[in-house]
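Engineer: Structure of the sequence below:
(one chain, ligands or ions: 1)
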Amino acid sequence: MKNENSTPRRRVAVVGAGISGPLLSLCLVRLGFEVDLYEAHVRRAQDVGSFLNLAPNGRAVLERLGLADRVLEQGTAASSIGFANHKGREIGRNPERTTNIMRGELSGALREVAVDAGAKLHTAKRLVALEETADGSWRTGFEDGTHTEADIVLGCDGVHSTTRRLLLPDAPRAAYTGVVGSGGRSEIDAAELPLDGRFHMVFGLRGFFGYQVVSPGVVWWFENHQETRERSFAELAEVDDAQWVALLAERHRPDPAVIRRVLTASTGPVGRWPVYEVPPLDTWHRGSAAVLGDAAHAVAPHLGAGAALGMEDAYELAVALHRHPTAPQAFTAFEESRRDRVAAMAKQARQTGAVMTPDRWITRAVRDLMLPMALRQGVRKGTEAYAYRPSPWPARRP
Ligand SMILES: Cc1cc2nc3c(=O)[nH]c(=O)nc-3n(C[C@H](O)[C@H](O)[C@H](O)COP(=O)(O)OP(=O)(O)OC[C@H]3O[C@@H](n4cnc5c(N)ncnc54)[C@H](O)[C@@H]3O)c2cc1C
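Structural biologist: Here you go, the predicted model:
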């Protein structure tokens, strides 16, 4: 990366230390960039009680970087994913090995490896301003009144990205998907619900439920259902945990009894979120600044693909910035290589969502009829999506 005087321009500001931000920072530091990583929170309220399922393509990125064991140490492997209908009958199985891990643990482990590699992490730094200077570099402003300068700015600040709004003011805003998600942890005697290594998913009549026994006596669960009226994160948080769990148990009364058993054994905080996606953007960059991960293309969570896609982005964008002489050239190449994949995943996630959380009895009836076939197709497509493997890691220039 050079300016007109041929001086290397390698000061990068990465905004957001969720999943893609710390991984991108790590990759860039390894390739010789100077990286400052700015994060609005010390710990996000959204991370409480919430786990995600990391697909094999996400693990492949970590393996390529030699980090999989360290970063996923706090996770639990799922030897397969089993799908059942609302009567409890198994209707499909995905044989892929995936990892369930608490969102906060994954983010924390990624931050740790980035900092160990040499990235500078600044927490309680919320980006509020971004201004391009005459020489094409950037002045960033934070909520606490401080400013910094960087040659390249990379927005990894999630679905409601401030970087996207400041950089690409005409880009569409995140759109509510009509789905509310929640998740938590329960304690049930191992004699009653034994450890079987499997991630169980149930297509309930009025909502989708997933759980895994992660250690003897400990169960992690999540639930997704349709709510037409959009409620904010703060509004959902007003319902206390016990009442929320009771409402979910009532919603799943017609479904297999194990769901109500898991819900009523819930201990500790129950996270819940309105779910958003980002409609396709015309471009992901302007000048030497860009957005990636959820900030560029948050897909509905029904595939469990967003975190792995963000990891792919982080890795491939760092490689592109290393290979191309200017940031805009790297961004153009990156977008060309990523757009089709992201669009395919977004489409598949939307289709999966429609069968997971149908809103009308007729859609539900058709779904139950078509489910086994749709699942077989979904598993095949999922296997294709998981088959992504990262580009070769570049040799460092002398
Ligand atoms: C209900 C639900 C379930 C999901 N389940 C799965 C799953 O099972 N598997 C999977 O792969 N994916 C799942 N996802 C998607 C996954 O969580 C996201 O795709 C992933 O977290 C995106 O990573 P990211 O780093 O781009 O953004 P995020 O993880 O959202 O990180 C953004 C970071 O930016 C920070 N930030 C925001 N604004 C600013 C600012 N102005 N200044 C500085 N910092 C800022 C935030 O605090 C945050 O730390 C799920 C999503 C939802 C909503």
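Engineer: quick one: the helices in this protein?
Structural biologist: Listed in chain order, the helices found in the chain under DSSP state H are 20-30, 56-64, 68-71, 103-117, 162-167, 233-237, 241-251, 257-264, 294-297, 306-323, 327-356, 361-386.
Engineer: give me the number of residues near Ala242?
Structural biologist: Using other Cβ atoms under 10 Å, the number of residues around Ala242 comes to 11. Just so you know, the C-beta spots here come from the backbone N, C-alpha and C atoms, and that holds for glycine as well.
Engineer: low-confidence ranges in the protein?
Structural biologist: The model of the chain has pLDDT under 70 over residues 1-9, 44-49, 353-361, 363-368, 370-371, 374, 378-379, 381-382, 396-398.
Engineer: quick revisit: point out the one among the helices of the chain that comes closest to Leu130.
Structural biologist: helix 162-167 (4.1 Å; Cβ to Cβ).
Engineer: Show me what that closest one packs onto, helices and strands only.
Structural biologist: strand 127-132, strand 152-155, strand 289-291, helix 294-297 (3 or more Cβ pairs under 8 Å, 6 or more residues apart in numbering; DSSP states H and E).
Engineer: will you turn the ones you listed into JSON lines that also has distance to Arg260 and mean neighbour count?
Structural biologist: Written out in JSON lines, the entries for the helices and strands packed on helix 162-167 read as follows (distance: least, Cβ to Cβ, whole Å; neighbours: other Cβ atoms under 10 Å):
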{"stretch": "strand 127-132", "distance to Arg260": "43", "mean neighbour count": "16"}
{"stretch": "strand 152-155", "distance to Arg260": "42", "mean neighbour count": "30"}
{"stretch": "strand 289-291", "distance to Arg260": "41", "mean neighbour count": "30"}
{"stretch": "helix 294-297", "distance to Arg260": "32", "mean neighbour count": "30"}
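Engineer: Throw those into TSV and include distance to the ligand, thanks.
Structural biologist: Supplementary listing: the helices and strands packed on helix 162-167 in TSV, determined by distance: least, Cβ to the nearest ligand atom, whole Å:
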stretch	distance to the ligand
strand 127-132	4
strand 152-155	8
strand 289-291	9
helix 294-297	4
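Engineer: so which of these comes closest to Leu65?
Structural biologist: Shortest distance between Leu65 and the helices and strands packed on helix 162-167, using Cβ to Cβ, is found for strand 152-155: 17.5 Å.
Engineer: residues from the stretch 1-150 of the chain in reach of the ligand?
Structural biologist: Within the stretch 1-150 of the chain, the positions lying close to the ligand (Cβ under 6 Å from any ligand atom) are 15-21, 38-41, 44, 52-54, 126-127.
Engineer: In this structure Phe233 contacts Trp273, no?
Structural biologist: Yes: under the criterion of Cβ atoms under 8 Å, Phe233 is in contact with Trp273, at a separation of 6.2 Å.
Engineer: Around Arg97, count how many other residues there are.
Structural biologist: Burial of Arg97 is recorded as 15 neighbouring residues (other Cβ under 10 Å).
Engineer: ok, now which ones touch it?
Structural biologist: Pro56, Ala77, Ala78, Ser79, Ser80 (Cβ atoms under 8 Å, 6 or more residues apart in numbering).
Engineer: which one among those residues gets closest to Ala290?
Structural biologist: Among the contacts of Arg97, Pro56 lies closest to Ala290 (Cβ to Cβ), at 26.5 Å.
Engineer: Spatially nearest residue to that closest one (excluding sequence neighbours)?
Structural biologist: By the measure of Cβ to Cβ, 6 or more residues apart in numbering, the closest residue to Pro56 outside its immediate chain neighbours is Tyr386, 4.4 Å from it.
Engineer: pretty sure the one you found is touching Asn57, no?
Structural biologist: Yes: between Tyr386 and Asn57 there is a contact at 5.1 Å, judged by Cβ under 8 Å.
Engineer: before we move on, the earlier item: name the residue in Phe233 and Trp273 with the higher neighbour count.
Structural biologist: Under the neighbour definition other Cβ under 10 Å, Phe233 and Trp273 were set side by side, and Trp273 has more, 20 against 13.
Engineer: Look at the closest residue to the ligand within the stretch 251-398 of the chain and say how many residues are nearby.
Structural biologist: For the stretch 251-398 of the chain, the nearest residue to the ligand under the criterion Cβ to the nearest ligand atom is Gly306, separated by 2.1 Å. Other residues near Gly306 number 25, with proximity taken as other Cβ under 10 Å.
Engineer: go on, Arg229?
Structural biologist: Other residues lying near Arg229 total 8 when counted by other Cβ under 10 Å.
Engineer: From the contacts of Arg97, keep the buried residues only.
Structural biologist: If you count burial by 16 or more other Cβ atoms under 10 Å, the buried members of these come out as Pro56, Ala78.
Engineer: Next, name the residue at the spatial heart of the chain.
Structural biologist: Ala307 (3.1 Å; Cα atoms, centre = their mean).
Engineer: Tell me who's in contact with Arg173.
Structural biologist: The contact partners of Arg173, taken as Cβ under 8 Å, 6+ apart, are Arg165.
Engineer: on that earlier part again, please report how far the residue nearest to the centre of the chain lies from Ala68.
Structural biologist: The gap separating Ala307 from Ala68 is 14 Å, by Cβ to Cβ, to the nearest Å.
Engineer: Lovely, talk soon.
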